[in-house]
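J.: Return atomic coordinates for the entry below.
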Amino acid sequence: TPPTNPTAVGAATPNSLLNGQSTKITVTVTPGQFPTSTNLGVTADLSPIGNGLAQLFDNGTNGDLVADDNIFTAITTIPANLTPGPRTCSFSVGDAQGRTAGGTFVITVQAPPPPVDHVVISQVYGGGGNSGATYQNDYVELYNPTVVPFNLAGWSLQYASATGSTWTNKQPLGGTIAPGEYLLVGLGSGGANGIALPAVNISGDLNLSATTGKVALVNNSINLSGACPVSVDPDIVDFVGYGSSASCFEGGAVAPAPSNTTATFRKFNGLQDTNQNGSDFEVGTPDPRRTAPIVELGAWVSTTEPIL
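T.: Numbering: from 1, shown residues only. The predicted structure follows:
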């Protein structure tokens with residue numbers, strides 16, 4: 001039987017990103033046969049994105065998850081000030097028998113999103129505790145994409161069902177979120193499935209739908225009203241309508257539906273906010289992030305009654 005060359009498929013994950021962001025390069029190799037390839041080696045030419053020749057690893061390091069599984073990996077960061085557009089990078093595979101393989105993959109450098117002047121909802125997960133859930137609790141993640149800190153004292157997260165008009169499901173907020181920080185709000189649970197959330201800034205018991213609903217970030221504690229307050233209430237800082245049956249959303253379409261095992265993410269790590277839920281969000285593996293320090297919050301008063 002004549003010998004066969006190895007074959008390989010390359011990819012970048014994510015394959016579309018901003019300057020300064022990192023991506024994982026993977027090349028999945030099928031060894032040559034007769035005889036079977038030994039001492040496989042993989043390199044990638046990343047000069048189209050300004051990073052030169054890179055060695056890929058299959059030893060459980062440098063982003064490689066499992067050693068010796070013929071999936072070779074490297075992590076690379078897009079340099080600053082690289083011109084937006086697609087870049088085709090190549091890779092090469094070789095074995096100890098002198099056989100080779102190669103291929104290409106594409107990395108697209110995105111233009112920077114327009115600047116944002118407010119705190120945003122950067123991630124929504126409503127499958128907490130449900131059957132097959134990744135995490136035991138729902139959560140909402142906030143991000144500050146601006147250059148100034150925001151004091152969230154008196155602010156609230158408010159939730160309504162996909163077609164509902166009642167906003168009494170409310171989670172008080174507090175603390176300060178500095179520029180570039182993520183603030184994690186842990187919420188209710190649908191059961192005992194999934195792992196515990198990492199340490200959260202704020203813990204509550206608000207229950208979200210895993211697949212469709214409406215979440216508002218409001219700069220006070222006054223209940224919103226109506227099925228779609230997003231265009232009429234100036235106190236709404238940010239709003240996400242997710243899933244196909246959500247009756248209210250920013251822009252022309254809903255954010256994509258998450259599930260018990262996926263979350264809805266604002267693109268570019270929370271930087272993209274064009275007031276279009278349909279294009280500003282994408283679905284991915286839940287990744288609750290918290291970089292804002294955990295601080296003790298004082299009492300929170302949502303409403304007051306007049307003294308008679």
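J.: what residue ranges in this protein are flagged as low confidence?
T.: In the predicted model of the chain, residues 298-308 satisfy pLDDT under 70.
J.: centroid residue for it?
T.: With distances taken as Cα atoms, centre = their mean, Phe265 lies nearest the centre of the chain, 4.2 Å away.
J.: beta partners of that one?
T.: Counting by DSSP bridges, Phe265 is bridged to Gln123, Glu282.
J.: does it really touch Tyr125, like I thought?
T.: No - applying Cβ atoms under 8 Å, one finds Phe265 not in contact with Tyr125, separated by 9.6 Å. In short, each C-beta sits where N, CA and C put it, glycine included.
J.: what about stretch 257-273, distance to the chain center?
T.: 5 Å (Cα atoms, centre = their mean, to the nearest Å).
J.: where's Pro14 relative to Asn269, distance?
T.: Using Cβ to Cβ, to the nearest Å, we find Pro14 at a distance of 10 Å from Asn269.
J.: tell me, what's touching these two both at once?
T.: Counting by Cβ atoms under 8 Å, 6 or more residues apart in numbering, the shared contacts of Pro14 and Asn269 are Gln21.
J.: May I see the buried residues of stretch 63-78?
T.: Of the residues in stretch 63-78, Gly63, Asp64, Asn70, Ile71, Phe72, Thr73, Ala74, Thr76, Ile78 count as buried by neighbour count, 16 or more other Cβ atoms under 10 Å.
J.: Ok, stretch 56-64 next?
T.: Buried positions in stretch 56-64, judged by neighbour count with 16+ other Cβ under 10 Å: Leu56, Phe57, Asp58, Asn62, Gly63, Asp64.
J.: quick revisit: could you list every residue that touches the residue nearest to the centre of the chain?
T.: The neighbours of Phe265, taking Cβ under 8 Å, 6+ apart as the test, are Ser122, Gln123, Phe281, Glu282, Val283, Gly284, Asp287.
J.: Now for the second one, how many residues are close by?
T.: Other residues near Gln123 come to 26 when the count uses other Cβ atoms under 10 Å.
J.: just Gly98 next, same as before
T.: 9.
J.: circling back: how much space between the residue nearest to the centre of the chain and Pro288?
T.: Taken as Cβ to Cβ, the span from Phe265 to Pro288 is 11 Å.
J.: Between these two, which contacts overlap?
T.: Gln123.
J.: So which residues of the stretch 1-150 of the chain form strands?
T.: Remark: strands assigned in the stretch 1-150 of the chain by DSSP state E, counting those that start in this stretch are 7-13, 16-17, 22-30, 41-45, 53-56, 71-77, 85-94, 100-109, 120-125, 139-143, 150-151.
J.: Export those as TSV, with columns for distance to Asp235.
T.: Formatted as TSV, the strands of the stretch 1-150 of the chain follow (distance: least, Cβ to Cβ, whole Å):
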stretch	distance to Asp235
strand 7-13	39
strand 16-17	34
strand 22-30	37
strand 41-45	50
strand 53-56	49
strand 71-77	39
strand 85-94	40
strand 100-109	37
strand 120-125	15
strand 139-143	16
strand 150-151	14
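J.: So which of those strands is nearest Asn275?
T.: strand 120-125 (10.5 Å; Cβ to Cβ).
J.: ok, and what's touching that closest one?
T.: So strand 120-125 is contacted by 134-135, 138-145, 182, 208, 215, 217, 238-240, 242, 255, 258, 263-266, 269-270, 273, 286-289 (Cβ under 8 Å, 6+ apart).
J.: Kindly report the same for stretch 146-155.
T.: Residues outside stretch 146-155 that contact it (Cβ under 8 Å, 6+ apart) are 115-119, 144, 172-179, 183, 217-221, 237, 300.
J.: Buried ones among those?
T.: Counted by 16+ other Cβ under 10 Å, the contacts of stretch 146-155 give 116, 119, 144, 172-175, 177, 183, 217-219, 221, 237 as buried.
J.: so of these, which ones are in helices?
T.: Secondary structure from DSSP state H places none of the buried ones among the contacts of stretch 146-155 in helices.
J.: quick revisit: and the two most separated of the buried residues of stretch 56-64?
T.: Asp58 and Gly63 (11.0 Å).
J.: Perfect, I'm done here.
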